[in-house]
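In: task: produce atomic coordinates for the following.
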Amino acid sequence: MLRAAVLGAALGLSACGFQLRGPRPMPFDSLHVAMPEASELGAALKRNIRAASPATRLVDTPQEAQAVLTPLAEGRDKVILSLNAAGRVREYQLKQRFGFKVHDGKGTDFVAPAEITVVRDITFNDADVLAKEAEEALIYRDMQQDLVQQILRRLQAAKIGTAAPKS
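Out: Take a look at the predicted model:
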């Protein structure tokens, strides 16, 4: 009975044209990521671009690129969210932001200047300082991966034929 239901569902989905979404290639033939080599975010972004769109070449100079990703702002913030009755920190809010634009180097923006902000809350305990520092590092790494995925989605959605010159 169960096999018949699974088989019926599989046949029904295949008949309607359902297909899992695969990787979406970048609309650029070549891309220059104008970030320092030592940047963790830049390295993660380049690695994910190569994996998501193998047809897009990452080039070393803006002159040989069809599109240039230029960072505008980057930063991390740690804000006290709440205090306990003794006046000690109980929660922090971690923020990571990245502003960027994608252009052709000649005045045409493919992705308008934008800023992505990722926010996470973390509890804090004075008795577990080392463990909480390690947890904070893991959360920042997760936030960075979230930033990279959001940047990739914006790059993949760029329209290079309909870009308008900057005014």
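In: packing partners for the helix or strand hosting Asp146?
Out: In this structure, Asp146 sits in helix 129-156 according to DSSP states H and E. For helix 129-156, the packing partners by 3 or more C-beta pairs under 8 Å, 6 or more residues apart in numbering; DSSP states H and E come out as helix 40-52, strand 67-83, strand 89-103, strand 109-123. Where C-beta positions appear, they are placed from N, C-alpha and C, glycine not excepted.
In: hang on, Ser53 packs against Asp29?
Out: No. Judged on C-beta atoms under 8 Å, Ser53 makes no contact with Asp29 at a distance of 10.2 Å.
In: between those two, who's got more neighbours?
Out: Higher neighbour count among Ser53 and Asp29: Ser53, with 20 against 13, using other C-beta atoms under 10 Å.
In: can you get me a residue count around the residue lying closest to that one once chain neighbours are set aside?
Out: In space, and not counting its chain neighbours, Ser53 is closest to Met26: 4.1 Å by C-beta to C-beta, 6 or more residues apart in numbering. Counted with other C-beta under 10 Å, the neighbours of Met26 add up to 22.
In: how about Met26, secondary structure?
Out: Here Met26 is recorded as coil under DSSP: H, G, I helix; E, B strand; the rest coil.
In: quick one, what contacts it?
Out: Counting by C-beta atoms under 8 Å, 6 or more residues apart in numbering, Met26 touches Ile49, Ala52, Ser53, Ala55, Thr56, Leu155, Gln156, Ala158.
In: which outside residues touch stretch 45-54?
Out: So stretch 45-54 is contacted by 23-26, 31, 33, 35, 56, 58, 69, 148-149, 151-152, 155-156 (C-beta under 8 Å, 6+ apart).
In: next up, the contacts around Ala34.
Out: Ala34 makes contact with Pro62, Val68, Leu69, Thr70, Pro71, according to C-beta under 8 Å, 6+ apart.
In: neighbour-wise, give me the winner out of those residues.
Out: Leu69 (26 neighbours).
In: for it, name its beta-bridge partners.
Out: Here Leu69 sits in beta bridges with Val33, Val102, going by DSSP bridges.
In: do you know which of the helices and strands packed on helix 129-156 lies nearest Ala131?
Out: strand 109-123 (11.1 Å; C-beta to C-beta).
In: next one: that closest one to chain centre, how far?
Out: 8 Å (C-alpha atoms, centre = their mean, to the nearest Å).
In: kindly report the same for stretch 87-95.
Out: Centroid separation for stretch 87-95 versus its chain: 25 Å, with C-alpha atoms, centre = their mean.
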